[in-house]
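Engineer: Sequence plus predicted model, see below.
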Amino acid sequence: MQGTVDGFSYGVVTPLVAYLMACLGGALGLRCTTRSMLVAHSWRPAWLALGSAAIGSGIWTMHFVAMMGFSVKETPVHYDKPTTYASLGLAIVMVGVGIFIVGYRGATGTALFTGGTITGLGVASMHYLGMAGMHLNGTLGYNTLTVAASVVIAVVAATAALWAAGQVRGFLWSVGASLIMGLAVSGMHYTGMAALSVHLHGTSGTPEGESPAALLAPMLIGPLAFLLLAGVVVMFDPLMVMGKPDWTRVEHKPGVPAGTMAHPDRRPPLRTARPQGHRSSRVPQNR
């Protein structure tokens, strides 16, 4: 028996909030990736790690906010906590691998393709692992072609977003990239949900696991608190907010010897050329 699947139990509320969560995580993550390309190597891992956690938390939160609107008419839906939180860890790790590749190798060529592919696969893996943690009185089935389409969407979106982050063209550029990334991640999610079918069991009963309402509090308190903290870090970084005239990557900037650096409050003495043969006009005063 086929179950009646409804992915929009609350109308447009859950898709809209889920999209905003994906955009928030993407915006913070991409800005951190941009920032990492403008600092010394000693600071780069910290910015890349922060960006990876922001994107991973954003897409995970987006997924489960969207799943709040998911229901199967004939059976209650519960979730397994370990599998649910494992999907968060998987998202952060795989997104992190892709971002570190682009952060150190640059958003071009093989590095961009590899980093974007790994990041996109991380987004898709998070989605389907999270779905594997869903318990109900039935069996989940997927359409292979639709699943493949959702994975392609995730990979293409991640590659495009990382390319945009590597261009380092200012705040508005990253905001636009995050909006596109949020749309693509949401599109990947609902494409994957369109591939889902539920085959109900003949017996009735309550499935094991936590209900969506029981997962709502930790889902909001944990990842959203982290996104808020990441937002504060980015907000108080003047380079991220105001931009910088010189957007050259730090390793490409020429070094200046310490002895030749002028004090910012002092002006160098001006020297004027004197014509040859001209003698000093000074004469002894006591002669």
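Structural biologist: Yep, it's here. From a predicted model like this one, the values you see are computed outputs, not experimental measurements.
Engineer: all helices in the stretch 1-150 of the chain, in order from the N-terminus.
Structural biologist: Assigned helices in the stretch 1-150 of the chain, in chain order: 13-36, 44-67, 81-105, 109-132, 144-167 (criterion: DSSP state H, counting those that start in this stretch).
Engineer: quick one: which of these is nearest residue 196?
Structural biologist: helix 109-132 (7.4 Å; CB to CB). All C-beta atoms are positioned from the backbone trio N, CA, C, and that covers glycine.
Engineer: and that closest one, which residues are buried?
Structural biologist: 111-112, 114-131 (16 or more other CB atoms under 10 Å).
Engineer: now it: how far from the chain's centre is it?
Structural biologist: How far helix 109-132 lies from its chain's middle: 12 Å, per CA atoms, centre = their mean, to the nearest Å.
Engineer: How about stretch 146-160?
Structural biologist: For stretch 146-160, the distance to the chain centre is 15 Å (CA atoms, centre = their mean).
Engineer: List the contacts of it.
Structural biologist: Here stretch 146-160 makes contact (CB atoms under 8 Å, 6 or more residues apart in numbering) with 98, 112-113, 115-117, 119-124, 127-128, 177, 180-181, 184-185, 187-189, 191-192, 194-195.
Engineer: buried residues in it?
Structural biologist: Quick answer for stretch 146-160 (16+ other CB under 10 Å): 147, 149, 150, 151, 153, 154, 155, 157, 158, 159, 160.
Engineer: How about stretch 187-195?
Structural biologist: Quick answer for stretch 187-195 (16+ other CB under 10 Å): 187, 188, 189, 190, 191, 192, 193, 194, 195.
Engineer: Pick the one among those closest to residue 140.
Structural biologist: Nearest to residue 140 among these, with distances taken as CB to CB, is residue 195, at 10.0 Å.
Engineer: Name the nearest residue to the closest one, ignoring sequence neighbours.
Structural biologist: residue 146 (3.4 Å; CB to CB, 6 or more residues apart in numbering).
Engineer: Against residue 197, how distant is the one you found?
Structural biologist: Distance, residue 146 to residue 197, by CB to CB, to the nearest Å: 10 Å.
Engineer: Residue 181 now?
Structural biologist: Residue 181 is 28 Å from residue 197, by CB to CB.
Engineer: do the same with residue 104
Structural biologist: 42 Å.
Engineer: How about the contacts made by the most centrally placed residue in the chain?
Structural biologist: When CA atoms, centre = their mean is applied to the chain, the residue found nearest the centroid is residue 55 (2.9 Å). The neighbourhood of residue 55, defined by CB under 8 Å, 6+ apart, consists of 25, 26, 28, 29, 30, 91, 95, 99, 119.
Engineer: got the contact list for the fifth one?
Structural biologist: The reference is to residue 30. So residue 30 contacts 51, 55, 161, 164, 165, 174, 177, 178, 181 (CB under 8 Å, 6+ apart).
Engineer: Kindly reformat the residues you listed as CSV and extend each row with distance to residue 10 and pLDDT.
Structural biologist: As requested, the contacts of residue 30 are exported to CSV (distance: CB to CB, whole Å; pLDDT from 0 to 100):
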residue, distance to residue 10, pLDDT
51, 31, 88
55, 25, 89
161, 28, 81
164, 32, 76
165, 33, 73
174, 30, 71
177, 29, 79
178, 24, 83
181, 24, 83
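Engineer: quick one on the thing from earlier: and of the helices of the stretch 1-150 of the chain, who's closest to residue 231?
Structural biologist: helix 13-36 (5.9 Å).
Engineer: got the angle between that closest one and helix 109-132?
Structural biologist: Angle, helix 13-36 to helix 109-132, by axes from the mean of the first three to the mean of the last three CA atoms, to 10 degrees: 150 degrees.
Engineer: how about helix 13-36: buried residues?
Structural biologist: So for helix 13-36, counting by 16+ other CB under 10 Å, buried means 14-15, 17-36.
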